[in-house]
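[1] How does the following fold in three dimensions:
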Amino acid sequence: MLQQTGNRNVAYDDSVECEMVFLGLISFFDPPKESAKQALWQLAEKGVKAKVLTGDSLSLAIRICKEVGIRTTHVITGPDLELLSHDSFHETVKRATVLARLTPTQKLRVVQSLQTVGEHVVGFLGDGVNDSLALDGANVGISVDSGASIAKDLADIILLEKDLNVLVAGVERGRLTYANTMKYIKMSVIANIGSILSLLIAIIVLRFEPLTPRQLLTQNFLYNVGQIAIPWDKMEEDYVKTPQKWSLKGLAIFILWNSPVCSLCDISTVLFIWLYYKTYSPLDIIFFRSAWFVEGLLMQTLIIHLIRTEKIPFIQEVASWPVICSTLVISAIGISIQYTPIGSVMGFTRLPLSYFGFLVVLFIGYFTVGQIVKRVYILVYKTWL
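    This is a model prediction of the structure:
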């Protein structure tokens with residue numbers, strides 16, 4: 001015999017309930033945490049849509065969803081899902097926000113539908129044995145410390161605090177980490193490809209190595225040390241609010257658009273040194289290498305400020321203090337090394353003030369051309385990082 005109690009159907013046998021004395025009534029009440037509604041609202045602001053997949057009854061699921069602010073306009077149950085055709089199933093899953101009375105297999109099918117047809121990155125939060133298939137199939141499986149052993153084993157993340165705001169903080173930190181990682185990848189690839197092309201052109205034209213291996217390694221070492229501060233850089237709020245997706249094709253296109261700007265800067269330096277200072281003798285080669293070293297290091301150090309934002313660097317958007325300090329320190333080392341005993345060992349010579357005046361004009365032109373390329377790129381592809 002079945003009796004409906006609240007929002008659940010409870011099975012019982014009349015023969016068990018005989019010769020009993022009523023002593024009292026116990027009620028179990030487990031309301032959603034007050035922070036759940038705010039956390040779900042913040043996740044929605046960041047483009048993370050919440051769907052409820054549960055094995056409980058539809059009426060119970062709807063009541064809980066209303067309390068935490070999840071819309072219940074489109075709901076469906078597991079038995080109803082089984083009656084749908086293949087196309088209707090995917091369309092219903094895409095539209096529905098509450099899916100109740102689901103079996104473990106149906107939860108997995110819903111997750112796979114969102115991944116393949118909807119092309120979404122799916123995170124699944126569950127703590128029971130019935131959630132194990134969906135946890136394993138999701139892009140990011142999330143469980144809680146008090147969950148079933150199999151759920152924790154299959155989860156990618158285990159929440160130690162019973163608070164959905166942990167997920168909000170995780171999304172924010174994850175997107176900031178992704179953004180800073182993309183800065184480093186794109187900046188490094190552009191700078192390296194641009195430098196390689198410039199070195200190749202300079203060797204063909206000048207018939208000597210623009211930098212010795214020792215000088216090139218020193219330049220790369222200083223450049224890489226300067227990029228240690230990137231993880232502490234900040235990011236624009238609009239970028240963090242939007243989900244981002246890795247694209248190898250997008251990286252290749254980004255490189256094709258921006259690498260020539262670096263090469264143009266290097267080639268301009270070669271022409272200026274060659275024509276203005278008339279570097280032809282062996283002594284002039286030492287001067288050329290000293291000048292090329294400084295220009296290359298400064299360009300690789302300053303490129304982060306051009307790549308890190310869609311806005312105009314230093315005017316509309318300024319990097320974090322660790323990045324600015326890193327830029328100043330590495331630039332100062334690169335310029336001053338020419339005037340130290342280490343510079344003599346490295347094969348450098350002192351540079352005239354006129355060359356540093358040229359560098360000021362060069363980098364103003366570099367940022368101007370780079371900003372124009374950036375705006376055209378954003379206009380065409382509707383994205384930057």
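
[2] make it CA atoms for all contacts and neighbour counts henceforth
    Will do.

[3] State the number of residues packed around residue 98.
    Summarising burial for residue 98: neighbours were counted as other Cα atoms under 10 Å, giving 23.

[4] Leaving out chain neighbours, which residue sits closest to residue 114?
    residue 120 (5.8 Å; Cα to Cα, 6 or more residues apart in numbering).

[5] So that neighbour: helix, strand or coil?
    Assigned by DSSP: H, G, I helix; E, B strand; the rest coil, the conformation of residue 120 is coil.

[6] so which helix or strand takes in the nearest residue to residue 348 once chain neighbours are set aside?
    Counting by Cα to Cα, 6+ apart, residue 348 lies nearest to residue 290, which is 5.1 Å off, once chain neighbours are set aside. For residue 290, the host element (DSSP states H and E) is helix 282-307.

[7] what mean pLDDT would you report for that helix?
    The average of the pLDDT scores along helix 282-307 is 87.

[8] that older thread, and the residue nearest to residue 114, how far from residue 244?
    11 Å (Cα to Cα, to the nearest Å).

[9] coming back round to it: I'd like to know how far the residue nearest to residue 348 sits from residue 230.
    For residue 290, the distance to residue 230 - Cα to Cα - is 27 Å.

[10] of the two, who's got more company?
    Under the neighbour definition other Cα under 10 Å, residue 290 and residue 230 were set side by side, and residue 290 has more, 24 against 21.

[11] quick one: contacts for that one?
    338, 347, 348, 349, 350, 351 (Cα atoms under 8 Å, 6 or more residues apart in numbering).

[12] which of these lies closest to residue 30?
    residue 338 (70.7 Å; Cα to Cα).

[13] pretty sure the closest one is touching residue 344, no?
    Yes: Residue 338 is within contact range of residue 344, at 7.4 Å (criterion: Cα atoms under 8 Å).

[14] Can you pull the phi/psi pair for the nearest residue to residue 370 once chain neighbours are set aside?
    The shortest distance from residue 370 to any residue that is not its chain neighbour, by Cα to Cα, 6+ apart, is 6.5 Å, and that residue is residue 261. Phi and psi for residue 261, reported as degrees, to the nearest 10, are phi -70, psi -40.

[15] pLDDT score assigned to residue 261?
    90.

[16] Contact partners for it?
    Neighbour list for residue 261: 194, 366, 369, 370 [criterion: Cα under 8 Å, 6+ apart].

[17] Which pair of the contacts of residue 290 spans the longest distance?
    Using Cα to Cα, the contacts of residue 290 span at most 12.8 Å, a distance reached by 347 and 351.

[18] hey, where'd the strands end up in the stretch 51-200 of the chain?
    Remark: strands of the stretch 51-200 of the chain, listed N- to C-terminal, are 52-53, 75-77, 98-100, 123-125, 140-144, 157-159; assignment by DSSP state E, counting those that start in this stretch.

[19] Now tabulate the ones you listed in JSON lines and tack on mean pLDDT.
    Formatted as JSON lines, the strands of the stretch 51-200 of the chain follow (pLDDT from 0 to 100):
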{"stretch": "strand 52-53", "mean pLDDT": "94"}
{"stretch": "strand 75-77", "mean pLDDT": "93"}
{"stretch": "strand 98-100", "mean pLDDT": "94"}
{"stretch": "strand 123-125", "mean pLDDT": "94"}
{"stretch": "strand 140-144", "mean pLDDT": "93"}
{"stretch": "strand 157-159", "mean pLDDT": "92"}
